[in-house]
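Engineer: What shape does this take:
(one chain, ligands or ions: 1)
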Amino acid sequence: MDLDKLQTTLEELGQPAYRFKQIKLAMYQDLKEGFDSIENIPLTLRQDLDRLLSFNELILKTEQKSLDGSGKNLFFTHDDLAIESVLIKHGDGSRTVCVSTEAGCQIDCSFCATGHLGFKRVLSPSEIAEQVLSFSRELKAKGEKVTNVVFMGMGEPFLNYDNIKKAILLLNDKDGFNLGQRRISVSTSGIVPGIERFGAEDWQINLAISLHAPDNALRSRLMPINKTYPLEKLMPALDAYVAKNNRRLMIEYLLLGGINDSPRQADALADLIHAYGEILRLSVVNLIIYNPTKDSDGHWDRFRSPSLAALRAFEEILTKREIAWTRRASFGSDISGACGQLAGEVNSTH
Ligand code: SF4
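Structural biologist: Below is the predicted model:
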């Protein structure tokens, strides 16, 4: 529901101010699915709101479940744009929702299906936040909750900054979804002005950077945004972010077999991180293994997974060079929906 429209409509209907909070709580905490189920507001008001407003900005089209318990939801917006979100179930009980921030994407990374689909439009704050609500309702039925939200789905969050900020505040709001700030992360492909703005915010939201290559030539090939914000602009901005915020930076590195997974590139990655003291002090490289997928014509894409030997060698070099790293477990790969898997027919992430 568009909360700005709700506020205006309530005012026009001459309702007391507390109604807004009541309805917001009903939607974001009680996880009600329509005005008709909000029993603590008068029936006539429920009927008026139902006539004047859409309760949901997104229409859930399909739900896919993975063998590992993760799930992918396909939604349509009211103007018929497809977007996807993923629920990742972790063994420790945490439940992470990966949300899309745009329909399509302007960045066009070479390994990403979303980028190839082109850009349609940015999503509104409620279109972003309602992706979380959809999974929350499903989890509630099992006595579970969403514990983390990552802005890592379709789209580049920092090209939709105002709306992602409103969505973050709504998810964090104690009268909204009431999720702790440290449980929310935003991942960027490297929009330097966005990193600077994010770093200047008075909050404790986590930042992740999709690096994917240790040098400009390869990074520009994989991620054209690197031509606008090359490593000599990006890395100092990240270093300044860590220095100011003293928060751990997650460096995402998607391992593409034969492209960016050689020992030389592992050393180059270590060199790059060692060149920036703050990043070295407080960052973790998150290694993501690429999963090849087929396109709609059934052809395999042009990238492949790293070999196990290459992966091990890469990890050993990072360890030897004293770079903190972790390997992201692959969730839901059987439904092409893992965050960071970058391989869904529609869904893809940086
Ligand atoms: S990886 Fe992310 S930034 Fe790159 S094209 Fe895909 S959605 Fe956009």
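Engineer: Show me which residues of the helix or strand containing Lys227 are buried.
Structural biologist: According to DSSP states H and E, Lys227 maps onto helix 225-228. For helix 225-228, burial by neighbour count (16 or more other C-beta atoms under 10 Å) applies to Ile225, Asn226. Yep, even glycine has a C-beta here, placed from its N, CA and C like the rest.
Engineer: Same check on stretch 9-26?
Structural biologist: Thr9, Leu10, Gln15, Arg19, Phe20, Gln22, Ile23, Lys24, Leu25, Ala26.
Engineer: so after the helix or strand hosting the last one, what's the next helix or strand?
Structural biologist: I take that to be Ala26. Secondary structure assignment for Ala26, by DSSP H and E: helix 18-28. Using DSSP H and E, the helix or strand that follows helix 18-28 towards the C-terminus is helix 43-52.
Engineer: so how far is that next one off the chain centroid?
Structural biologist: Helix 43-52 sits 34 Å away from the centroid of its parent chain (C-alpha atoms, centre = their mean, to the nearest Å).
Engineer: Show me what that helix is packed against.
Structural biologist: Applying 3 or more C-beta pairs under 8 Å, 6 or more residues apart in numbering; DSSP states H and E, one finds that helix 43-52 contacts helix 3-12.
Engineer: Packing partners of the helix it packs on?
Structural biologist: Applying 3+ C-beta pairs under 8 Å, 6+ apart, one finds that helix 3-12 contacts helix 18-28, helix 43-52.
Engineer: Quick check: which of these is nearest to Met1?
Structural biologist: Evaluated with C-beta to C-beta, the helices and strands packed on helix 3-12 place helix 18-28 nearest to Met1, the distance being 6.2 Å.
Engineer: quick one: average pLDDT of the helix or strand containing Ile88?
Structural biologist: Here Ile88 is covered by strand 82-89, with elements defined by DSSP H and E. The average pLDDT within strand 82-89 is 94.
Engineer: Beyond that strand, next helix or strand please.
Structural biologist: Counting by DSSP H and E, what follows strand 82-89 is strand 95-99.
Engineer: so, in contact with the ligand or not, that next one?
Structural biologist: No - Strand 95-99 does not reach the ligand (C-beta under 6 Å from any ligand atom); its nearest approach is 11.3 Å.
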